[in-house]
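Peer 1: 3D model of this:
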Amino acid sequence: MGNSTLTFVFDRYGNILHLYFPHVGMWQHMSQFRAGSFLNGKFSWFPPHSDHAHSEQSYTEELVLKTNMELEGLSLEYSDIVHPQRNVFIRRFSYRGGSQGTAKLFFYNRLNINETYYGETVFYDPDNHSLVHFKNGYFFLIHCVPDFSNYACGEHTVHGLLGTFVDAEDGSLRRSEVSHGSADSTIELELRLETEWKSGYYVLIAGRSLDEVSSELSYLYSKDFAKVFEESRAYWSSWAKHRPRLDSGLPQKIRSVYMSSMYVLENSTDAEGAVIASLDSMSARFSGDSYAYCWWRDAAYATIAFSEVGMWSSALRFLKFAARNQTPQGYFYHRHRADGSWGSTWHRKPFIQLDQTAAMPLAVYAYYKYSSDVASLLQLWPMVRNSANFLVSSMADGKLAPSYDLWEESFGVHVYTLASVCQGLFSAERIGDALGKDRRGWSETARILQKQLLADIKDGLPARLLGTDDRRVDSSMLFLINFGLLSPTSAEGRALVANLERKLSKGAGIARYEGDTYWGFENPWMISTLWLAQALMAGGRFVDAYKYIEWVSQRATSTGLLPEQVSSENYRSASVTPLTWSHATFISAVNEFTTEGKVGSLALV
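Peer 2: Below is the predicted model of the structure:
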């Protein structure tokens, strides 16, 4: 959840996993958050640091995240929300006891400001009755209602220290007012338990100065915490009410994942327009990097989904971000951070994936198709023109130049790359026609490439990399059908679908390609499964497509988040959750299903 500037990711127990500010996906300032209680002389941390609580988590219709925990003698409910305009996170915690008495609640905060442990300060601010963590011009104020009964500022990791959370485990903190270095803090709250529900607040405010975060806290007190929480809830409730609603005849799971998919896309889009691939940074612990980047391909499909559901301001924000970051040559660098800076890469110079450049005209055309915003189309025309010209310049002797494939593993001319270049050129030509521009032969070039694609099909399969003997089935081959380049009812189209279903099916899920070993052997991917559903619908097989859409919906978490992929052995998430691309493709597939192809189809030819 977030507001395009301040963004949070939680685990299923309500612990803060990631805290991003001042951009979506940049920087990740939270290292560890944990909560615990001291009741009847016994201390316990909440899961996952113990198994002493049962928890359930879900979003309300107003998009408030609810986490319920049952502990021995204590019931606890978190209600979490981010203010839509202010960089304020509000957690209302409601509690009650099995009987009257007292309990203590502890919140441990180990920040990772600017994604580094060191050089941080935490201090108790007596003017605000708050703890403040700061470093390099980033300030995070933590405040509670009722006020802290105690607190501790300390260190972790260095000098053999585990962290101030250890100090809580005897049920009482030894007060310390300031610490620096690898700083952390723990808050102690004393609660009077009744058999009726009572409430308090944990608030985290982000800003660039102490005055800024202090001013926001003053605002909360001037308005009253409950009223500010209600103000935030009302905004997100109104946001949800103005999103498309699916027919009640569809299963509740599909309807809820459809709504959560729009919410994920909204919260993955930065104030300056970048659409971040995933806010789940846990993969960085294993691979040394995360998905907190803007890939142009992923963002283009998100923009198409935005456009289909009427979220045009978000779509246009991204397209303007893309126009600002296009290279002078007309292509797009591998991936960017949300502030527009280059992201890390494993590609060799000049860091080109042609399908990413081709995705931009397609995204612009989809935006225009659904919004009819011709004024913005004219503003975006230079980006479209430069993209198309670069794609044409990437041909020599009628052949497309090699680049990295969409899976970012192989260098060559991948079948999906060729299909996407065709579609990008067709889209650019249509945009030019809508604006009355002179035709530039882009469609004719696309037809030449389309003929090469179709001529390469043998026994119902094209080569994965043109000019090679690699005939492994790849789910992205379905874009020959989904882009309208190959008829789904032709012999070749039927054979392609049949080959893919036979060789890539993992239960009801579809693997990326034969022999895929990324995070497991031939794991089912959400996008691959949904691409098959879209190809089946293109051929009029809506009943067959439905089982794949339903299977994907069943892979969502209790809060409606879709993973990138699931294990082929137990169907549990095998990498990041959520993946923006999964949610965007779910929206488009469901739209195509519910409108019988009138919305959601990418076919232009």
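Peer 1: now do the domain split for the chain, please.
Peer 2: 7-241, 252-594 (automatic domain parsing).
Peer 1: so can I have CSV of the ones you listed showing mean pLDDT and mean neighbour count?
Peer 2: The C-beta positions use only the backbone N, C-alpha and C, and glycine is treated the same way. Putting these into CSV (pLDDT from 0 to 100; neighbours: other Cβ atoms under 10 Å) gives the following:
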stretch, mean pLDDT, mean neighbour count
domain 7-241, 95, 18
domain 252-594, 96, 20
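Peer 1: nearest to Ala603, out of those?
Peer 2: domain 252-594 (2.9 Å; Cβ to Cβ).
Peer 1: tell me where the stretch 401-550 of the chain has helices.
Peer 2: 415-434, 442-455, 479-482, 491-504, 526-538, 542-554 (DSSP state H, counting those that start in this stretch).
Peer 1: want to throw the domains of the chain into JSON lines with distance to Gly600?
Peer 2: Below are the domains of the chain laid out as JSON lines (distance: least, Cβ to Cβ, whole Å):
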{"stretch": "domain 7-241", "distance to Gly600": "21"}
{"stretch": "domain 252-594", "distance to Gly600": "3"}
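Peer 1: circling back: now the helices of the stretch 401-550 of the chain in a markdown table, with distance to Tyr124?
Peer 2: Shown next, in a markdown table, are those (distance: least, Cβ to Cβ, whole Å):
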| stretch | distance to Tyr124 |
| --- | --- |
| helix 415-434 | 55 |
| helix 442-455 | 64 |
| helix 479-482 | 57 |
| helix 491-504 | 57 |
| helix 526-538 | 46 |
| helix 542-554 | 47 |
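Peer 1: quick one: contacts for Tyr416?
Peer 2: Remark: with contacts taken as Cβ atoms under 8 Å, 6 or more residues apart in numbering, Tyr416 is in contact with Asp355, Asp405, Leu406, Asp474, Ser476, Met477, Phe479.
Peer 1: could you dump those residues into a markdown table and include distance to Gln85?
Peer 2: Formatted as a markdown table, these follow (distance: Cβ to Cβ, whole Å):
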| residue | distance to Gln85 |
| --- | --- |
| Asp355 | 37 |
| Asp405 | 42 |
| Leu406 | 37 |
| Asp474 | 45 |
| Ser476 | 40 |
| Met477 | 45 |
| Phe479 | 40 |
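Peer 1: separation between Ala284 and His18?
Peer 2: 10 Å (Cβ to Cβ, to the nearest Å).
Peer 1: repeat that for Phe89.
Peer 2: If you go by Cβ to Cβ, the gap between Phe89 and His18 works out to 12 Å.
Peer 1: check Thr164 too.
Peer 2: Applying Cβ to Cβ to Thr164 and His18 gives a distance of 21 Å.
Peer 1: quick one on the thing from earlier: the helices of the stretch 401-550 of the chain: which one's closest to Ser182?
Peer 2: Ser182 sits nearest to helix 526-538 of all the helices of the stretch 401-550 of the chain, at 38.0 Å, using Cβ to Cβ.
Peer 1: so what does that closest one touch, helix or strand wise?
Peer 2: Judged by 3 or more Cβ pairs under 8 Å, 6 or more residues apart in numbering; DSSP states H and E, the packing partners of helix 526-538 are helix 479-482, helix 491-504, strand 509-511, helix 542-554, helix 580-594.
Peer 1: and the longest one, what does it pack onto?
Peer 2: Counting contacts by 3+ Cβ pairs under 8 Å, 6+ apart, helix 580-594 is packed against helix 252-267, helix 296-308, helix 526-538, helix 542-554.
Peer 1: could you rerun that using 6 Å?
Peer 2: When contacts are defined as 3 or more Cβ pairs under 6 Å, 6 or more residues apart in numbering; DSSP states H and E, helix 580-594 sits against helix 252-267, helix 296-308, helix 526-538.
Peer 1: can you verify my assumption that Phe321 contacts Gly273?
Peer 2: Yes. Between Phe321 and Gly273 there is a contact at 2.8 Å, judged by Cβ atoms under 6 Å.
Peer 1: the helix or strand hosting Tyr78 pairs with which strands, parallel or anti?
Peer 2: Here Tyr78 sits within strand 74-82, counting by DSSP states H and E. Strands that pair with strand 74-82, judged by DSSP bridges, come out as strand 65-71 (antiparallel), strand 88-97 (antiparallel).
Peer 1: now do it: distance to the chain's middle.
Peer 2: Relative to its parent chain, strand 74-82 has a centroid offset of 23 Å by Cα atoms, centre = their mean, to the nearest Å.
Peer 1: and for stretch 28-37?
Peer 2: 21 Å.
Peer 1: then stretch 365-373?
Peer 2: The answer for stretch 365-373 is 23 Å, by Cα atoms, centre = their mean.
Peer 1: contacts for that stretch?
Peer 2: Stretch 365-373 has contacts (Cβ atoms under 6 Å, 6 or more residues apart in numbering) with Ile304, Ser307, Glu308, Trp312, Ala315, Leu377, Ser427, Arg430, Ile431.
Peer 1: so Gly2 touches Asn267, yeah?
Peer 2: Yes. Under the criterion of Cβ under 6 Å, Gly2 makes contact with Asn267 at 4.8 Å.
Peer 1: so which residues of the stretch 201-350 of the chain form strands?
Peer 2: Secondary structure of the stretch 201-350 of the chain by DSSP state E, counting those that start in this stretch: the strands cover 294-295, 335-336.
Peer 1: nearest to Lys506, out of those?
Peer 2: strand 294-295 (24.8 Å).
Peer 1: ok now the closest one, how far from the chain's centre?
Peer 2: 11 Å.
Peer 1: neighbouring strands for that strand, and are they parallel or not?
Peer 2: strand 335-336 (antiparallel).
Peer 1: determine the angle, from 0 to 180 degrees, between the next helix-or-strand element following the strand it pairs with and helix 442-455.
Peer 2: Per DSSP H and E, the first helix or strand lying C-terminal to strand 335-336 is helix 354-371. Helix 354-371 runs at 120 degrees relative to helix 442-455, counting by axes from the mean of the first three to the mean of the last three Cα atoms, to 10 degrees.
Peer 1: once you drop chain neighbours, what's closest to Thr489?
Peer 2: Closest residue to Thr489 apart from its sequence neighbours, by Cβ to Cβ, 6 or more residues apart in numbering: Gly539 at 5.5 Å.
Peer 1: and Val24, by the same measure?
Peer 2: Leaving out its chain neighbours, the residue that sits closest to Val24 by Cβ to Cβ, 6+ apart is Asp270, at 4.1 Å.
Peer 1: same thing with Leu561?
Peer 2: Per Cβ to Cβ, 6+ apart, closest to Leu561 is Pro578, 4.1 Å.
Peer 1: the residue nearest to Val24 and Arg337, how far apart?
Peer 2: Separation of Asp270 from Arg337 (Cβ to Cβ) stands at 9 Å.
Peer 1: repeat for Tyr367
Peer 2: 23 Å.
Peer 1: kindly report the same for Pro251.
Peer 2: 38 Å.
Peer 1: isn't Ser387 right up against Met360?
Peer 2: Yes. Between Ser387 and Met360 there is a contact at 4.9 Å, judged by Cβ under 6 Å.
Peer 1: quick check: the residue nearest to Leu561 is in a helix.
Peer 2: No. The assignment for Pro578 is coil, going by DSSP: H, G, I helix; E, B strand; the rest coil, so no helix is present there.
Peer 1: check contacts around it.
Peer 2: Contact partners of Pro578, counting by Cβ under 6 Å, 6+ apart, are Val264, Leu561, Leu562.
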